[in-house]
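S.K.: heads up, no residue letters with this:
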């Protein structure tokens with residue numbers, strides 16, 4: 001098996017070209033995921049002043065809507081099955097196409113004359129009343145969310161496919177760094193562009209970026225087809241393949257293998273808690289900087305972008321540390337502890353902008369440490385043949401937190417403008433993630449997963 005992999009993937013140049021190409025598509029998705037985050041104040045302005053007249057509750061619903069189809073229609077779960085059955089290439093192109101459709105709907109919501117129209121629905125105890133613009137934008141974000149999460153699991157499997165036996169944690173770290181570059185760019189440029197042009201201009205820019213991502217993925221498809229051809233030649237020559245052998249084909253019954261793994265459940269619970277305390281926070285952070293720390297609206301996004309910009313360099317660095325020296329769960333615990341302290345800090349009655357910058361820098365370090373070690377440990381727990389489905393199940397369950405937490409925080413911010421309650425929600429979520437990470441350390445000692453061991457054993 002190792003000889004086969006060296007024969008196929010021995011060229012470091014090709015591996016890194018694949019990484020850059022695939023990560024570019026993911027970076028564009030991350031850019032679009034946060035393109036409207038710095039626009040909350042503009043969206044909540046009256047229509048006659050150029051806004052859409054949303055409330056904090058409307059914005060909170062919109063922010064959480066990216067996970068609605070994934071969670072309630074089980075689409076992210078089916079995305080994993082599509083990935084394992086149809087392959088990386090088909091799933092990646094489908095993901096980019098869905099993101100394009102979703103952003104197109106958001107652009108329509110911002111530009112169409114929908115002012116005055118409302119959308120009402122009731123599900124069980126949930127009674128929702130939204131401006132039509134918020135409803136259409138939420139539908140677009142929900143469709144975008146399907147493609148966004150599908151792209152995430154596809155890129156993760158592509159990295160494992162091309163980098164197992166090589167610099168896997170470093171590759172995933174660089175992939176995450178490029179994704180964060182997309183987030184940082186969105187948080188930095190969206191508000192200034194919208195103020196100097198129009199509310200719809202950032203979305204128009206995003207559509208162009210997604211087209212670039214789709215073209216990038218087509219280039220990856222050409223390289224990945226070459227990899228398949230090399231594997232087929234090896235099979236003809238009597239060699240087995242870790243991707244094509246009959247014993248390594250994914251079957252629906254393999255879902256049971258995943259669900260019976262205690263390591264899978266601990267990782268999943270941790271992911272739900274950790275990312276519920278980070279991703280939704282970034283959607284509220286720009287408004288937090290303006291209201292609590294008196295930061296000018298045009299530069300508030302730059303304060304928020306400290307987090308993703310900092311991770312661009314630090315995530316690959318910490319990934320390389322894990323590759324060489326191990327201590328994966330230890331890195332996770334340290335990073336999540338920093339995250340928890342940051343949110344408690346934001347809940348304090350301190351209004352100095354310098355304090356906010358300090359907390360953002362600390363959050364940037366924690367948000368680099370944890371993911372750099374988190375995602376490379378999944379292949380140590382899950383077998384290769386069901387890795388795609390494992391990732392999809394993790395992301396599927398994660399979306400419960402990402403869909404629900406912003407809605408609670410949006411409500412909390414509306415009733416408590418000091419942001420104390422909202423930040424305490426994030427802080428308690430982070431503290432729970434720390435406790436789960438500590439449990440993961442004890443489980444590793446019991447099960448012998450090797451989560452604390454280096455990824456590169458022989459240097």
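M.R.: Happy to help now that I have it. It should be emphasised that the depicted structure is a prediction, and the values quoted were computed from it without experimental measurement.
S.K.: In space, what's closest to residue 374 - neighbours in sequence excluded?
M.R.: Computed as Cβ to Cβ, 6 or more residues apart in numbering, the closest residue to residue 374 that is not its neighbour in sequence is residue 332, at 5.8 Å. For the C-beta atoms, the positions are set from N, CA and C on the backbone; glycine is no exception.
S.K.: Which other helices and strands does whatever helix or strand that neighbour lives in contact?
M.R.: Per DSSP states H and E: residue 332 is located in helix 328-346. Here helix 328-346 touches helix 262-276, helix 279-293, helix 306-325, helix 353-381, helix 420-447, going by 3 or more Cβ pairs under 8 Å, 6 or more residues apart in numbering; DSSP states H and E.
S.K.: Tell me how far the last one lies from the chain's centre.
M.R.: A distance of 19 Å separates the C-alpha centroid of helix 420-447 from that of its chain, computed with Cα atoms, centre = their mean, to the nearest Å.
S.K.: With the second one instead?
M.R.: Helix 279-293 has its average C-alpha position 18 Å from the chain's average C-alpha position, going by Cα atoms, centre = their mean.
S.K.: what comes into contact with the following helix or strand past that helix?
M.R.: The C-terminal neighbour of helix 279-293 among helices and strands, as given by DSSP H and E, is helix 297-304. Helix 297-304 is touched from outside by 37-38, 41, 187-192, 195, 282, 285-287, 289-290, 293, 295, 353, 356-357, 360, with contacts defined as Cβ atoms under 8 Å, 6 or more residues apart in numbering.
S.K.: Please indicate which of the residues you listed are buried?
M.R.: The neighbour count (16 or more other Cβ atoms under 10 Å) marks 37-38, 41, 187-192, 195, 282, 285-287, 289-290, 293, 295, 356, 360 as buried among these.
S.K.: So residue 120 belongs to a strand, correct?
M.R.: Yes. Assessed with DSSP: H, G, I helix; E, B strand; the rest coil, residue 120 lies in a strand.
S.K.: and residue 180, which of the helices and strands packed on helix 328-346 is closest to it?
M.R.: The closest of the helices and strands packed on helix 328-346 to residue 180 is helix 306-325. By Cβ to Cβ, the value is 3.8 Å.
S.K.: can you list the weak-confidence ranges in the stretch 351-459 of the chain?
M.R.: Within the stretch 351-459 of the chain, the stretches with pLDDT under 70 are 403, 457-459.
S.K.: what about the helices in the stretch 1-150 of the chain?
M.R.: With helices called from DSSP state H, counting those that start in this stretch, the stretch 1-150 of the chain shows them at 2-9, 12-33, 40-43, 56-64, 68-72, 75-86, 88-111, 132-163.
S.K.: Mean pLDDT lowest where, among those?
M.R.: Lowest mean pLDDT within the helices of the stretch 1-150 of the chain: helix 2-9, at a mean of 46.
S.K.: sorry, back to before: right, and the residue nearest to residue 374 touches residue 437 too?
M.R.: Yes. Using Cβ atoms under 8 Å, residue 332 is in contact with residue 437, at 4.9 Å.
S.K.: Can you tell me how far residue 394 is from residue 366?
M.R.: 20 Å (Cβ to Cβ, to the nearest Å).
S.K.: Check which helices and strands the longest helix anywhere in the chain sits against.
M.R.: If you go by DSSP state H, the chain has its longest helix at helix 201-236. Here helix 201-236 touches helix 2-9, helix 12-33, helix 88-111, helix 132-163, helix 168-196, going by 3+ Cβ pairs under 8 Å, 6+ apart.
S.K.: Tell me the gap between the fourth one and the middle of its chain.
M.R.: Distance of helix 132-163 from its chain centroid, counting by Cα atoms, centre = their mean, is 9 Å.
S.K.: Next, the angle helix 75-86 makes with that helix.
M.R.: Here helix 132-163 runs at an angle of 40 degrees relative to helix 75-86 (axes from the mean of the first three to the mean of the last three Cα atoms, to 10 degrees).
S.K.: before we move on, what about the second one?
M.R.: Direction vectors for helix 12-33 and helix 75-86, defined by the same axes, to 10 degrees, enclose an angle of 150 degrees.
S.K.: Okay, buried residues for helix 12-33 please.
M.R.: Applying 16+ other Cβ under 10 Å to helix 12-33 flags 15-16, 18-19, 21-33 as buried.
S.K.: what's the answer for the third one, then?
M.R.: Within helix 88-111, the residues that qualify as buried by neighbour count (16+ other Cβ under 10 Å) are 88-89, 91-96, 98-100, 102-110.
S.K.: packing partners for it?
M.R.: If contacts are counted by 3+ Cβ pairs under 8 Å, 6+ apart, helix 88-111 sits against helix 12-33, helix 75-86, helix 132-163, helix 201-236.
S.K.: I'd like the next helix or strand past the longest one.
M.R.: Of the helices and strands lying after helix 201-236 in sequence (DSSP H and E), the nearest is helix 254-259.
S.K.: and that following helix, average pLDDT?
M.R.: Computed over helix 254-259, the mean pLDDT rounds to 85.
S.K.: quick one: buried residues of it?
M.R.: 254, 255, 257, 258.
S.K.: which among those residues gets closest to residue 319?
M.R.: Closest approach to residue 319 among those (Cβ to Cβ): residue 258, at 24.4 Å.
S.K.: Report the contact partners of the closest one.
M.R.: Taking Cβ under 8 Å, 6+ apart, one finds 264, 382, 386, 389, 390, 393 in contact with residue 258.
S.K.: nearest to residue 278, of the residues you listed?
M.R.: Nearest member of the contacts of residue 258 to residue 278, counting by Cβ to Cβ, is residue 393, at 20.1 Å.
S.K.: measure the closest one to residue 372 for me?
M.R.: 22 Å.
S.K.: Comparing these two, which residue is more hemmed in?
M.R.: residue 372 (30 against 22; other Cβ atoms under 10 Å).
S.K.: Excluding chain neighbours, what is closest to the more buried one?
M.R.: Nearest to residue 372 is residue 318, by Cβ to Cβ, 6+ apart, at 3.7 Å.
S.K.: what do you get for residue 108?
M.R.: Leaving aside its chain neighbours, residue 108 sits nearest to residue 136 (6.4 Å; criterion: Cβ to Cβ, 6+ apart).
S.K.: again, but for residue 328
M.R.: residue 373 (4.1 Å).
S.K.: same deal with residue 269?
M.R.: residue 436 (5.2 Å).
S.K.: OK, contacts around the one you found?
M.R.: Residue 436 touches 266, 269, 270, 273, counting by Cβ under 8 Å, 6+ apart.
S.K.: I'd like those as JSON lines, with distance to residue 150 and neighbour count appended.
M.R.: JSON lines is the format used below for the contacts of residue 436 (distance: Cβ to Cβ, whole Å; neighbours: other Cβ atoms under 10 Å):
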{"residue": "266", "distance to residue 150": "24", "neighbour count": "20"}
{"residue": "269", "distance to residue 150": "22", "neighbour count": "21"}
{"residue": "270", "distance to residue 150": "22", "neighbour count": "25"}
{"residue": "273", "distance to residue 150": "23", "neighbour count": "25"}
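S.K.: Take these and lay them out in TSV including distance to residue 456 and pLDDT.
M.R.: What follows is the contacts of residue 436, written out as TSV (distance: Cβ to Cβ, whole Å; pLDDT from 0 to 100):
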residue	distance to residue 456	pLDDT
266	25	94
269	29	93
270	24	95
273	29	92
